[in-house]
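Novice: Make a model of this:
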Amino acid sequence: MIFKSYILEQSFQSINNYKLFLFYGENQGLKKEFKERLKIQNKDQETLNLFQDDPAKFEALYVKMNLVCRNKLISMINGNINATKQWIEEEFRLEKKNVEVPMILVKAIRGGIQSYADDPLRDFLPVATSINAYLKKGSVQEWFIDLKANGRSTMTLTMTIRSDSEYRAAKQKGKLGAYTMLKLLYRG
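Specialist: Predicted coordinates:
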């Protein structure tokens, strides 16, 4: 549950119904007071501070959060081919056929470059007959979408879901504070 600090100031007991919660606000003194009250109120329970005190637990929780997000996206993508194709077309901003675009994509690849006047995904997506999204083994952030056409040709889209935040004293929640608002990137 997420609480604004002024709500808890009015009724601190409303927090008793929740095992996990976040409170926020601009009044740092009030937030510090709430933390102290919680420590006193829950002195017999374990307190887990994932931010500054234990970076390994902070990172482990981010890995779990990211896995939940990737698995949900994969489930949605694999669940409906037409909705997925529409999502790819709209969100990846594919170049439209017969539309003059005053830009050429130049991509650095292993010490060389490739340039594209046409987007291969734009031409492959309409003929795709199946879609399979899956996790990249051993990766915290990467996953793939395989588009298949006529059961023979396959185009693999490399995807990443991540946060660019670490722990910082000024922004203590860092990448955990993003919750499900992580950055979703199509990388080719």
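
Novice: Show the pLDDT at Phe34.
Specialist: Looking at Phe34, its pLDDT reads 78.

Novice: If you could redo that for Val101, that was the one I meant.
Specialist: 56.

Novice: The closest residue in space to Asn78 that isn't next to it in sequence pairs with what?
Specialist: Of all residues beyond its chain neighbours, the one nearest Asn78 is Ala133 (5.4 Å), with distances taken as Cβ to Cβ, 6 or more residues apart in numbering. Yep, even glycine has a C-beta here, placed from its N, CA and C like the rest. For Ala133, the beta-bridge partners under DSSP bridges are Ile145.

Novice: What of Ser153?
Specialist: Ala149.

Novice: Quick one: list the elements packing against the helix of greatest length in the chain.
Specialist: Ordering each helix of the chain by length in residues (DSSP state H) puts helix 55-79 first. Here helix 55-79 touches helix 81-91, strand 130-135, strand 142-149, strand 153-162, going by 3 or more Cβ pairs under 8 Å, 6 or more residues apart in numbering; DSSP states H and E.

Novice: Was I right to think the residue nearest to Asn78 contacts Ile81?
Specialist: No: Ala133 is beyond contact range of Ile81, at 11.0 Å (criterion: Cβ atoms under 8 Å).

Novice: which one of these two has more residues nearby?
Specialist: Ala133 (21 against 14; other Cβ atoms under 10 Å).

Novice: how about that one, what does it touch?
Specialist: By Cβ atoms under 8 Å, 6 or more residues apart in numbering, the contact set of Ala133 is 73-74, 77-78, 143-146, 159.

Novice: Which members of those are the farthest-apart pair?
Specialist: Leu73 and Asp146 (14.4 Å; Cβ to Cβ).

Novice: who's more crowded, the two?
Specialist: Between Leu73 and Asp146, counted using other Cβ under 10 Å, the more crowded position is Leu73 (18 against 14).

Novice: Let me know the pLDDT of Gln28.
Specialist: At Gln28, pLDDT is 73.

Novice: Same check on Thr180?
Specialist: pLDDT, read off for Thr180, is 55.

Novice: repeat for Leu22
Specialist: So, for Leu22, pLDDT stands at 66.

Novice: try Asp118
Specialist: For Asp118, the pLDDT comes out at 61.

Novice: quick one: contacts for Leu67?
Specialist: Counting by Cβ under 8 Å, 6+ apart, Leu67 makes contact with 135, 140.

Novice: now swap in Ala149 and tell me
Specialist: Ala149 is in contact with 124, 127-129, 155, counting by Cβ under 8 Å, 6+ apart.

Novice: If we only consider these, which is nearest to Leu185?
Specialist: Met155 (17.2 Å).

Novice: Okay, that closest one and Pro126: tell me how far apart.
Specialist: Distance, Met155 to Pro126, using Cβ to Cβ, to the nearest Å: 12 Å.

Novice: So between these two, which is more surrounded?
Specialist: Using other Cβ under 10 Å as the criterion, Met155 and Pro126 rank with Met155 on top: 16 against 10.
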